[in-house]
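> below is the structure, and that's it, no one-letter string:
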């Protein structure tokens, strides 16, 4: 057990998780616990199963074996929307905005469907909250525009804002920073750290940019070929021989 | 019910032959829908176009319908190329294949059917050829040439297409479009062009399928609709792009339809295909050979 | 505009239409007008699924026929008022819509479309083989001459009922558009994976859309036996219903409630005129050609010309 021991139980417990595509084993026997309020980095080479893991956690894919518990509740078999409602939100690696809706309306959806369903009553001031969220990611002046008018970077920010709009307790950011400049990476990192520190949101960051992962993560998990090969303090993990081998080639 | 062996045997054999014919009407959809993901619901209308061309050339000049249809394949190929070009520019590049792309083919289906009705009316038409009358007999089993010749032509057409797809550069590129877009890029092939060629081929098969259709049954412009369910049922059941799967699924459907028609009456036969399709979609969308 | 005020305006428009019809006082106007109104209801109903969620239903004739044949059955067994028959027809076809949807809506959208085509043929085969409703020979329905408690001809009554249905469908469609449900539908049209990730229960919403859409089509089909007085499977399941009902929203514009109405009035009137002056086959050809031209050249439809 590597999650910080304490009085609060882990927010996410993954045990024995496995996923195959035909004969190809995408994930095998993944064990992982994430503590409440933790900032976890997840790295691994291309095709190591990071995205498959995210998809199994979020209900986009069904895992064949093992189980996922979120805040103590078993999620296996639950459709994606129920997981979002339960408080587990994600961003997509390639942004998937709602193309015919304005930016503000894009953020409205999780408020209407995730937040309201959780609270069981109509959310107040939806318009104001959409604008406030857009302000956090610096898109407030484009609230009435359509996603097609955005740059790739703005699209990533919208993706992040939409995940935040669901008011998650666990946020999975799937390569939210790919293709961004040095300064923009820092902006997003600062935003994620703020979410984590001020609102106590647990965050799993999946990222290729090592500098970002290392500065963000309190703990680092490495996947290689569908298996977890390392889990621990980031500075120790990156020195581990098999991790170095997986990244640099043996 | 008194089920005699003769009746059952003949229903099975003619169902088998019918299945061979169904494979020829489906093969175009196996290419366009199965491989290219283009839901060309107008395909049966193009098949009927093929039937009427065979009919005109046969009734006016006495040409053999199958020969006519083979000669007409280039024209159908270019028709397909033109249609794909419009489809590509108007829907694929706009990312609007779902709603408007489907409506486009539905419109083409309707335009073709209404045009054929305006030109030929709703009378049933048929063709004449030496192999339409005779029947071979093997014991109690009858083998009408009217069904045997189409089944053979159909299987031959599938064989040729299969060879083309597996042995030529463009053929392999067509299969790559379906399975592995990355490989396609590595082959340095332009996906638009490959799809255009493949769609052209799919429409070209409609010419031959049309001639076979009018040999098997008299036609009028709306019979094409009966085939929409059949061909999609076969295509899905056969695992989308697979020719072997298509042939097996076509034979299964042919036999089932024939048994239904023999024992419950022909008016129930159309429901078999569509019922089959509904059940396939509901319970086995990856086809009989697909992984569940 | 608030929905209640909008519905009030709809009712006023409907009443004005009826008053105008009374002033014109020509039986042909009611017969022709009925068809146009029927298409307003059908096109609006189709658009709730097709335009709002992006799922294409080709099985329109099946839903109309379900409504129509429910009426044939009720007519033979009972003497219920037409409005009840319309409700029954709506419920029957709404349930069939939900059933078909439940089996196929989990798959890609194209499979749903193909399944609806298949469903139409299965239904037609069942009706053709069902002797009670006339089988392939069809059924004759005797239309009452007048409706006594209103003191109007029966065709005027049918016209009025269809007007009422138009108010209902358009009112519902408009109310959906900017509601929570409407936003949910839009996300399904745009990106289902992202919709689920945002908490939208996509399957349930698709079933709601299919049920509403199919139900309204059934309601529009329910008075049909009284309108035609002779109903046979070939005409009840006619492909021209499908083409018209799909063409109208796509020509008018699928993004708003106004599109299907514009398309239905334009195409419906055009066909009534063309059928009389040219021929019905040719008028159908015009619809087909217009459908193809619009989806290729004007993807936003007529309303796209006026606002974005």
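Received the coordinates, thanks. Being a predicted model, the structure only gives us computed values, none of them experimental. Numbering: from 1, shown residues only, chains lettered A, B, ... in the order given.
> name the residues that touch the least confident helix or strand in chain C by mean pLDDT?
For chain C, using mean pLDDT, DSSP states H and E, the weakest element among its helices and strands is strand C:146-147, scoring a mean of 84. Here strand C:146-147 makes contact (Cβ atoms under 8 Å, 6 or more residues apart in numbering or on different chains) with C:152-154, C:156-157. Every residue, glycine included, has its C-beta placed from N, CA and C.
> distance from the chain centre to the following helix or strand past it, please.
Scanning forward in sequence from strand C:146-147 by DSSP states H and E, the next helix or strand is strand C:152-153. Computed by Cα atoms, centre = their mean, to the nearest Å, the separation of strand C:152-153 from the middle of its chain amounts to 25 Å.
> okay, the closest residue to residue C:140 other than its chain neighbours and residue C:36: tell me how far apart.
With Cβ to Cβ, 6 or more residues apart in numbering or on different chains as the criterion, residue C:140 has its nearest non-adjacent residue at 5.4 Å, and that residue is residue C:230. Residue C:230 sits 21 Å away from residue C:36, going by Cβ to Cβ, to the nearest Å.
> neighbour count for these two, which is higher?
Set side by side, residue C:230 and residue C:36 show more neighbours around residue C:36, with 18 against 11, by other Cβ atoms under 10 Å in any protein chain shown.
> do you know how far that one is from residue C:9?
For residue C:36, the distance to residue C:9 - Cβ to Cβ - is 19 Å.
> what about the spatially closest residue to residue A:86 that is not a sequence neighbour, neighbour count?
What sits nearest to residue A:86 in space, not counting adjacent residues and going by Cβ to Cβ, 6+ apart, is residue A:70, at 5.9 Å. For residue A:70, the neighbour count with other Cβ under 10 Å is 21.
> for residue A:77, same thing?
11.
> that one in helix, strand or coil?
coil (DSSP: H, G, I helix; E, B strand; the rest coil).
> correct me, but residue A:207 touches residue A:41?
Yes - at 6.7 Å, residue A:207 counts as touching residue A:41 under the criterion of Cβ atoms under 8 Å.
> shared neighbours, these two?
Here residue A:207 and residue A:41 share the contacting residues A:213, A:216, scored by Cβ under 8 Å, 6+ apart.
> count the residues that sit near residue 61.
Just so you know, I chose chain A. The number of residues packed near residue A:61 is 18, by other Cβ under 10 Å.
> try again with chain C
Using other Cβ under 10 Å, residue C:61 has 28 neighbouring residues.
> which of the residues in the helix or strand containing it are buried?
Assessed by DSSP H and E, residue C:61 sits inside helix C:60-77. The neighbour-count check on helix C:60-77 (16 or more other Cβ atoms under 10 Å in any protein chain shown) flags C:60-75 as buried.
> and the residue of the stretch 151-300 of chain C that's closest to chain A?
Nearest residue of the stretch 151-300 of chain C to chain A, counting by Cβ to the nearest Cβ: residue C:199, 3.1 Å away.
> chain center to the helix or strand hosting residue B:174, what's the gap?
Assigned by DSSP H and E, residue B:174 falls within helix B:169-179. Put simply, helix B:169-179 sits 20 Å off its chain's centre (Cα atoms, centre = their mean).
> next one: stretch C:56-66
9 Å.
> and that stretch, is it in reach of chain B?
Yes - judged by Cβ under 8 Å from any Cβ of the partner chain, stretch C:56-66 comes into contact with chain B through C:56, C:58.
> interface residues of the stretch 101-250 of chain B facing chain C?
Near chain C, when you scan the stretch 101-250 of chain B using Cβ under 8 Å from any Cβ, you find B:101-104, B:106-108, B:110-111, B:113-115, B:117-118, B:222, B:225-226, B:228-229, B:232-233, B:236.
> these in helices, which ones?
Among those, DSSP state H puts B:102-104, B:106-108, B:110-111, B:113-115, B:117-118, B:225-226, B:228-229, B:232-233, B:236 in helices.
> ok, which of the residues you listed also contact chain A?
For chain A, no contacts are drawn from those by Cβ under 8 Å from any Cβ.
> quick revisit: of the residues of the stretch 101-250 of chain B next to chain C, buried ones?
B:101-104, B:106-108, B:110-111, B:113-115, B:117, B:222, B:225, B:228-229, B:232-233, B:236.
> what's the neighbour count on residue 98?
Here I'm looking at chain A. By the criterion of other Cβ under 10 Å, residue A:98 has 27 neighbours.
> sorry, should have said chain C
Neighbour tally, residue C:98, other Cβ under 10 Å: 19.
> looks like it contacts residue C:212 (just checking).
No - Residue C:98 lies out of contact with residue C:212 (Cβ under 8 Å); the separation is 9.7 Å.
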